[in-house]
Structures are given as structure tokens and as C-alpha cells.
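[1] for reference, the sequence and a predicted model appear below.
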Amino acid sequence: MSAEIRLRPVSEEDLALLYRLFSDPAATSEYEWHGWLDPQRLRRQWEENRLLGEDGGKLMVVLGDDTLGFVAWRKRSTGFRSFCWDLGITLAPDARGHGHGTAAQRLLTRYLFAHTQVTRIGAETEITNIAEQRALEKAGFTREGVLRSVMFRDGQWHDGVTYSILRHEVDLNQE
């Protein structure tokens with residue numbers, strides 16, 4: 001029987017990997033290196049709410065006994081009394097390019113639609129991040145358009161691509 005991708009809450013032992021995926025230029029992708037971070041920030045957030053809050057959270061991506069990275073979501077206001085979730089993913093370098101990101105994003109999408117009342121989940125990536133665009137499209141997201149000069153990284157502004165998936169487009173009973 002082959003192992004399947006699953007999501008689980010962050011444990012204290014995961015904090016070292018999370019910190020590495022946020023702050024080690026060799027572990028982050030070229031699209032995720034945004035400079036050095038407060039090394040205690042993740043620990044403080046974990047101690048406060050185990051990285052699961054009303055406005056967003058993080059879950060670890062796991063394959064068998066291996067922790068591959070994490071998925072995250074945050075609340076984004078879309079109107080006076082409405083919001084959607086924006087999701088993201090970061091996998092360790094050796095976990096990339098195997099379809100794990102697509103599977104993890106599908107799982108997170110189903111989880112958020114099953115346990116929250118939002119009707120829309122969005123995602124953004126840099127316009128040159130073709131691998132993430134493919135993963136989002138395979139996960140069922142629809143490309144909506146280009147956002148000019150929306151992401152600052154490595155001393156310059158980069159264009160982004162925005163995606164979304166709507167509640168009625170997801171079968172919550174599908175495995």
C-alpha cells in the first residue's frame with residue numbers, strides 16, 4: 001500500500017523545519033526568500049495558538065513518516081462583512097516536483113470548505129513560477145489574471161498571477 005499525502009497540525013518538533021523553510025535561502029524556493037526573520041516568531045505563534053487561529057493557520061504536509069513542508073491560509077477581506085481565504089504552500093526542496101503540492105492544496109481546499117463558511121479560496125504566485133501555476137490548476141483553481149508589480153522580492157517588484165476556486169467547484173465527498 002502506498003503512502004498518501006495528508007495534513008496534520010504543527011507539532012513543536014516541526015518548528016525547526018518551519019523556520020528553515022521561511023529563513024534559509026537554500027531551503028526556500030527562489031520565490032519565497034524574503035530575508036531573515038525573527039527566529040522566535042514562529043515559536044511565539046505556536047505557543048499562542050499552535051498556528052491555528054481564526055484569521056488563518058498552518059498545517060504540515062506529510063507523506064508516510066516524512067514531513068514535506070506546510071500549507072497555510074489567511075483571511076483576506078473582500079468587502080465590509082465578507083472575506084475569503086488565501087492559501088499558500090512551501091515544500092522542502094527534495095519534496096518539490098512530485099505532485100505533492102497539488103495533493104496538499106486539494107486537501108487544504110477541501111478542509112477549509114468543510115470547516116468554514118467561505119465560498120472562495122484564492123492563491124497568488126509570481127508570474128514566472130510556472131510550477132506553482134500548474135499545481136494550482138491541477139488542484140482545480142482557475143487563473144483570474146495578472147497583478148502588476150504586486151510582490152516585492154530580491155530588491156524589485158514582480159508581477160503575480162491570481163487564482164481562485166469556489167465552493168460549488170469542489171466535491172467535499174471526494175477522497
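    Sure, I can see it. Bear in mind that the values here come from a model prediction, so they are computed numbers and not experimental data.
[2] what is the least confident helix or strand in this structure?
    Taking mean pLDDT, DSSP states H and E as the measure, helix 15-23 is the helix or strand of the chain with the lowest mean score, a mean of 92.
[3] and that helix, what's buried?
    The neighbour-count check on helix 15-23 (16 or more other CB atoms under 10 Å) flags 15, 17-19, 21-23 as buried. Backbone N, C-alpha and C define where each C-beta goes, glycine included.
[4] again, but for stretch 44-54
    45-46, 51.
[5] contacts only, for residue 157.
    Residues in contact with residue 157 (CB atoms under 8 Å, 6 or more residues apart in numbering) are 149-151.
[6] quick revisit: for the buried residues of stretch 44-54, which one is nearest residue 11?
    Residue 11 lies nearest to residue 46 out of the buried residues of stretch 44-54, by CB to CB, at 8.9 Å.
[7] chain center to stretch 38-54: distance?
    Chain-centre distance of stretch 38-54: 16 Å, with CA atoms, centre = their mean, to the nearest Å.
[8] show the end-to-end separation of that stretch, please.
    23 Å (CA to CA, to the nearest Å).
[9] let's verify the residue nearest the centre of the chain: helix, strand, or coil?
    With distances taken as CA atoms, centre = their mean, residue 88 lies nearest the centre of the chain, 2.0 Å away. Classification of residue 88 using DSSP: H, G, I helix; E, B strand; the rest coil returns strand.
[10] right, and it touches residue 122 too?
    No. Using CB atoms under 8 Å, residue 88 makes no contact with residue 122, being 10.2 Å away.
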